[in-house]
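1. Dropping a prediction and its sequence here:
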Amino acid sequence: MKYLSLLFIILLSFSVSFAQNTQRSVPGQQAALKRMQNLYDSLSPMQKNMFLTEIKHIMDPEVTIVKPGRTDDDPPSDAIILFNGNDLNKEWQESGFGPDRKMTLKPAVTWIVKDGAIESSQGSGSLTTKRSFEDFQLHIEWKTPSVITGEGQGRGNSGILIQSIYEVQILDSYNNRTYRNGQAGAVYMQYAPLVNVSRKPGEWQSFDIIYTAPRFKNDSTFFTPPRVTVFHNGVLVQNNVEIQGPTVSPGIPQYMINAHGPGPISLQQHGNPVAFKNIWIREL
Ligand code: MG
């Protein structure tokens, strides 16, 4: 506001001087311009920058128009629909490990599609997207069983594995005490959620995840580390935290030695039944 006032004073000074001096001599006009110059020169660099910034109106290019969903949970017009309640195999495949401990990928035939949601069954592997992603905004809804079995980490355990290696934890954390950096909304073993905003078992919950992928130098060390923001049921639980490295348990996460590019998103199979629905993503 004070800069707008300053701008007003400058323009007023200029107007008065100009009005006075257009009727006067050339030396008089030059003196007015000199006073203007002196006034501008007396501004600090920050004031000059603000002065110049505030008068800029940038019109082009026009901001891209995106049609919002009917509700904030519905996908906007530029989203990729990862699961719409019907065709699981369009965007997902099932991952597991063969006898040689190498990862295997196959059609997602052991997951059950029912009532617009998906749920793992006995012997299911993790689900992995066919596409790979870098920076994104992800919406996903999940539900742990209403019939409580197990406790701690053995109750509704799953997770969103970003680029297949950085886990945002899914767990039934409603009246289920466990280590704080392993409960629902944690960046597993790295950051506890800011609050526990879990709904009761059997109720649908949501994650909205904003992820910035790491950038690497040519020598494969991090140029910038990955960062993640997470909203759990609409409440901020991770505020742009710096991921310290791929999820490991037990152990201390380390920054990657080898650089990695885009990666898929996986839904962890941890042996506990967890259902998912309404999954969409926007590439940023
Ligand atoms: Mg997990």
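-> Arrived safely.

2. how many other residues sit next to Leu88?
-> A count of nearby residues for Leu88, using other Cβ atoms under 10 Å, gives 21. Every C-beta, even on glycine, is put in place using the N, C-alpha and C of the backbone.

3. what about Val147, distance to Ser158?
-> In this structure, Val147 lies at 17 Å from Ser158, with Cβ to Cβ, to the nearest Å as the measure.

4. The two: which is more packed in?
-> The residue with more neighbours, out of Val147 and Ser158 and counting by other Cβ under 10 Å, is Ser158; that gives 26 against 8.

5. Give me the pLDDT value at the more buried one.
-> Per-residue confidence for Ser158 comes out at a pLDDT of 94.

6. How about Glu54?
-> 65.

7. Next: Phe231.
-> We note a pLDDT of 98 for Phe231 in this prediction.

8. Can you pull the phi/psi pair for Val230?
-> Val230 adopts backbone torsions of phi -130, psi 130, taken as degrees, to the nearest 10.

9. In this structure Gln244 contacts Pro226, no?
-> No. Counting by Cβ atoms under 8 Å, Gln244 stays clear of Pro226, with 9.3 Å between them.

10. Is the residue in the stretch 101-250 of the chain positioned nearest to the ion in a helix, a strand, or coil?
-> For the stretch 101-250 of the chain, the nearest residue to the ion under the criterion Cβ to the ion is Gly159, separated by 3.4 Å. Using DSSP: H, G, I helix; E, B strand; the rest coil as the criterion, the local structure at Gly159 reads strand.

11. That one: how many residues sit nearby?
-> Neighbour count of Gly159, defined by other Cβ under 10 Å: 23.

12. and it, what are its bridge partners?
-> Gln169 (DSSP bridges).

13. related to what we said a few turns ago, more neighbours: Gln244 and Pro226, which one.
-> Taking neighbours as other Cβ under 10 Å, Gln244 and Pro226 compare with Pro226 leading, 26 against 17.

14. can you confirm Gln37 is in a helix?
-> Yes. Membership of Gln37 in a helix is supported by three-state DSSP.

15. measure it to Asp135 for me?
-> 46 Å.

16. Show me where this protein dips below the pLDDT cut-off.
-> 1-24, 51-55, 220-222, 256-257 (pLDDT under 70).
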